[in-house]
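1. quick one, fold the following:
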Amino acid sequence: AEAKPKSGARHIAFEGFDRPLGSAQIQFVRSIPLEKAISSTLLAYEMNGDPLPLQHGYPLRALALGWTGANCVKWLRKITVLTQPYTGFYMDKVYRVFQKGQDPETGAVVTGLKLKSIITQPIEGQQIPSGDITVLGAAYAGEAEVQRVEVSTDNGETWAPADFIGPREPY
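-> Numbers count the residues shown, from 1 in each chain. All right, here's what the predicted structure looks like:
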């Protein structure tokens, strides 16, 4: 809102301080739709109250919440407002889903994350006495909402409903 993009603005390109790759000197630039940038993209300069560590993108990192890490440019040095998606090696050839023999540029752009989950208790291989067991974990569905939680004790043959204890938060 502060930048007041012109009416034709449709995408935001993020460019990092990364060194260009290979003899072609390919710069890492990633663009996302303006709506995504405005609605749920952060510019992070701190992590847990401390300056953002170098390996996580110091001095500034773009975080497109709910989207893959490929959309979250580290070591941010430049933000450009565009009328169309940025055209370049990574946008056109790499971060797309395409089949063998298909022109990468015709593939779908990689954006959102699918459901991810992890069990944090008990830990894998832990010996547990018989009886009631508390199973803890976390689930994340990118831009979607986790609809339900189920647990399997037989490698996915059967599933039992589990309690969702929250917090229920977006992203």
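
2. any idea how far the helix of greatest length in the chain is from the chain center?
-> With secondary structure taken from DSSP state H, the chain has its longest helix at helix 34-40. Average the C-alpha atoms of helix 34-40, do the same for its chain, and the two points are 14 Å apart (C-alpha atoms, centre = their mean, to the nearest Å).

3. same check on stretch 60-71?
-> On the basis of C-alpha atoms, centre = their mean, stretch 60-71 is displaced by 5 Å from the centre of the chain it belongs to.

4. what sits against Glu124?
-> Taking C-beta atoms under 8 Å, 6 or more residues apart in numbering as the criterion, Glu124 is in contact with no other residue. C-beta coordinates here come from the backbone N, C-alpha and C atoms, glycine included.

5. is it true that Trp75 touches Asp18?
-> Yes - shown here, Trp75 and Asp18 form a contact pair, counting by C-beta atoms under 8 Å, at 6.1 Å.

6. excluding chain neighbours, what is closest to the residue most central in space within the chain?
-> Centroid-nearest residue in the chain, with C-alpha atoms, centre = their mean: Thr68, separated by 2.7 Å. Once flanking residues are discounted, Thr68 sits nearest to Val110: 5.5 Å by C-beta to C-beta, 6 or more residues apart in numbering.
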